[in-house]
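S.K.: how would this look folded up:
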Amino acid sequence: MKDYKDLESNHRAGDEAAPSRTAEGGHAYSVQIDADADGQRLDNFLLGRLKGAPRSLVYRLVRSGQVRVNSGRARPETRLAIGDRVRIPPVRLAADAPARAVPEALLEQLRAAIVHEDGHVLVLDKPSGLAVHGGSGIGHGVIEIMRELRGERGARLELVHRLDRDTSGILVLAKSRSALLALQAQLREGTAEKRYLALIEGRLQPSPFRVEVPLRKQVLQGGERMVRVDPQGKPAASVFTAVERLPGATLAQVVIETGRTHQIRVHAQHIRHAVAGDDKYGDAAFNGRMKQFGLRRLFLHAAGLRIAGPGGEDYVFHTALPEDLSAPLARLAD
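M.R.: Here you go, the predicted model:
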């Protein structure tokens, strides 16, 4: 079988009587945004202020209007700017009990997953099955685990981008606000190159196969999040290229030009080449056949990222397929 690993050569702010924790019966207080929080999303800012608060509580506070930005209502994704004033309401954090500790096994798993670290970024080979952040029944995500690993230094770690829980591979965390904004700007503008490996159904033809159809997020009854091809959705473009043709399947390299939720999975479904192991958008019969070769998860791996570093360096990161993908692939190829 081919070797696929080388496919490509707490935030500070000015406080007014700001307690470290608010409690039921306490008082609201306001925070003036300084350079450290400039450009940060409101929800992430609040999560940094209200240590131990679940993400669901932060969203509820914002959507109910209890959190205000410059005396007006805001949305969780609102970007803060220098000089903004954020009203933070009194909140009971049930903390008078200590926060749940991250299990040692998870700490060790993420410690072993670090593939690069310098003064600007920390890069992980994220395992499949681990969410990038906690909430909605998920006790600990990558960001919470890494912050605990780094202790005091971890307070400033932020996710540069996201990966689905079931997707493995390259995940970048920024160690400063300046690095975060510089890297996110490249991802937003499409100047960074993100490469994935996916096992897809059938014979990809032609190759390369460019898919450019808009995508729209929907929340179904019961809260499940789905993404559909929709003319009213946001622009999305993916390029699928065959790496190896296999019996009834193709190992494809996928370069995404946009970063929409579930983009590769929905684009693959749209061209009738569903990703193997995809229980949400995939083909049940194809998934069943791939299980016979030992596949027990979504076959999608963020294999490479090329992006300019904040200091002008050329960042090129890549990771090989993990064993739970490479072993079924080898059996399929035999």
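S.K.: Once you drop chain neighbours, what's closest to the residue nearest the centre of the chain?
M.R.: Central residue of the chain (C-alpha atoms, centre = their mean): R162, 1.4 Å from the mean position. In space, R162 comes closest to V132 once its chain neighbours are excluded; the distance is 5.0 Å by C-beta to C-beta, 6 or more residues apart in numbering. C-beta: built from backbone N, CA, C; applies to glycine.
S.K.: Could you grab the helix/strand/coil label for the one you found?
M.R.: Three-state call for V132 (DSSP: H, G, I helix; E, B strand; the rest coil): coil.
S.K.: still on that earlier bit, and the residue nearest to the centre of the chain, how close does it get to P235?
M.R.: 19 Å (C-beta to C-beta, to the nearest Å).
S.K.: and if you look at I33?
M.R.: 31 Å.
S.K.: pLDDT weak spots in the stretch 51-200 of the chain?
M.R.: In the predicted model, the stretch 51-200 of the chain carries pLDDT under 70 at residues 52, 93-100, 135-139, 152-155.
S.K.: where along it do the strands fall?
M.R.: In the stretch 51-200 of the chain, the strands defined using DSSP state E, counting those that start in this stretch lie at 68-69, 85-88, 114-117, 121-126, 158-159, 168-174, 193-201.
S.K.: Show residues contacting the first one.
M.R.: When contacts are taken as C-beta atoms under 8 Å, 6 or more residues apart in numbering, the neighbours of strand 68-69 outside the stretch itself are L42, A74, T78, L80, D84, R85, V86, R87.
S.K.: between those, which has the most around it?
M.R.: In terms of neighbour count, L80 stands highest of those at 24 neighbours, by other C-beta atoms under 10 Å.
S.K.: Surely that one touches A35?
M.R.: No: counting by C-beta atoms under 8 Å, L80 does not reach A35; the two are 11.0 Å apart.
S.K.: I33 and P235 - which one has more neighbours?
M.R.: Neighbours per residue (other C-beta under 10 Å) separate I33 from P235, with I33 holding more: 22 against 11.
S.K.: Quick check: closest non-adjacent residue to the more buried one.
M.R.: Using C-beta to C-beta, 6+ apart and skipping residues adjacent in sequence, the residue nearest I33 is D84, 4.4 Å away.
S.K.: The one you found against G39, yeah?
M.R.: No: counting by C-beta under 8 Å, D84 stays clear of G39, with 10.8 Å between them.
S.K.: And for the closest residue to E193 other than its chain neighbours, the neighbour number?
M.R.: Nearest residue to E193, sequence neighbours excluded (C-beta to C-beta, 6+ apart): R306, at 4.3 Å. R306: 17 surrounding residues under other C-beta under 10 Å.
S.K.: Helix or strand: which one has R306?
M.R.: For R306, the host element (DSSP states H and E) is strand 300-308.
S.K.: Just the C-alphas of that strand, formatted as CSV.
M.R.: Extracted in CSV, the C-alpha atoms of strand 300-308 (Å, rounded to 0.1, in the frame of the first residue of the first chain):
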residue,chain,number,x,y,z
LEU,A,300,-11.9,11.6,7.0
HIS,A,301,-8.5,12.9,8.1
ALA,A,302,-7.1,16.4,8.0
ALA,A,303,-3.8,15.4,6.5
GLY,A,304,-2.1,18.7,5.8
LEU,A,305,-2.1,22.5,6.2
ARG,A,306,0.0,25.1,4.6
ILE,A,307,-0.3,28.6,6.1
ALA,A,308,1.9,31.7,6.7
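S.K.: Distance from the chain centre to it, please.
M.R.: 13 Å (C-alpha atoms, centre = their mean, to the nearest Å).
S.K.: Look up the pLDDT of T241 for me, please.
M.R.: T241 is assigned 98 on the pLDDT scale.
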